[in-house]
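[1] Generate a structure from the sequence data that follows.
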Amino acid sequence: MPADLLLLSAYMPRLLEGVAITAEVCVIAITAGMILGFVVALLRRIRFPPVRWLVVGYVEVLRGTPLLIQLFLLYYGGPAFGITLDAVPAGIIGLLLYTSAQFSEIVRASFTAVPAGQIEAARLLGLSRLQAFWHVQFRQVALLTIPPSANQAISILKDSSVLSVITVPEITFETGRMVNETFSVTAPYLFLALSYWAMVIVLSAGARRLESSIPR
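    A predicted model of the protein is given here:
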């Protein structure tokens, strides 16, 4: 074990860089995925059938297929359709699209949970559709979406480890490279587990702070 720790200290700069890339990719993908997911959920409420069918198809395909397969199709299959991306942009885009489909379902369920009678009452009181949406629906939806969104974001963070298969130099990739080069296993994977645990703690704390900042 002491020898493993010495090897770990030698590889620490590379591992910490992997942690930074994991955090950067996840922040971009989760933030953009939440925004896109909200837009997708709103588009799904449009009554024009072609738009709804397109949006439903988008969500069902991305939620119904493994993230790993989606990444393979984007990174390795993209050149067949004239789409050539480096590993990091491909990883961000793939994770972003997958995330948007997951969050769109959370937002859709939250809209459904707001009683329709509240909207009708707001309209009877003279509020416009936009005012009723902002003052009645939006805040309730925001509060309802935070707990499940935090859990989903944690899952996305852990799922980001599969980006290593398309050579994104995040923490799982760098840990695997260290193991292959040194044949040291215990210390590298313990560091990997602790790295994800620390990022989950930070993400959970941020979600709790966000939830407490929204006025009831």
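[2] residue ranges with poor pLDDT in this structure?
    Applying pLDDT under 70 to the chain flags residues 1-2, 135, 214-216.
[3] again, 80 this time
    Under the criterion pLDDT under 80, the flagged ranges of the chain are 1-5, 114-139, 142, 210-216.
[4] Which parts of the chain are helices?
    2-44, 49-64, 67-75, 87-113, 116-124, 129-132, 139-159, 171-182, 186-213 (DSSP state H).
[5] Burial-wise, tell me which of the ones you listed comes out on top.
    helix 87-113 (a mean of 21; mean count of other Cβ atoms under 10 Å). No exception for glycine: its C-beta is placed from N, CA and C like everyone else's.
[6] and it, what other elements does it pack with?
    helix 2-44, helix 49-64, helix 67-75, helix 139-159 (3 or more Cβ pairs under 8 Å, 6 or more residues apart in numbering; DSSP states H and E).
[7] Please state the offset of that helix from the chain centre?
    6 Å (Cα atoms, centre = their mean, to the nearest Å).
[8] circling back to that earlier point, minimum distance to residue 165: which of the helices of the chain has it?
    Proximity to residue 165 (Cβ to Cβ) singles out helix 67-75 among those, at 6.6 Å.
[9] could you give the angle of the closest one to helix 87-113?
    Using axes from the mean of the first three to the mean of the last three Cα atoms, to 10 degrees, the inter-axis angle of helix 67-75 relative to helix 87-113 is 130 degrees.
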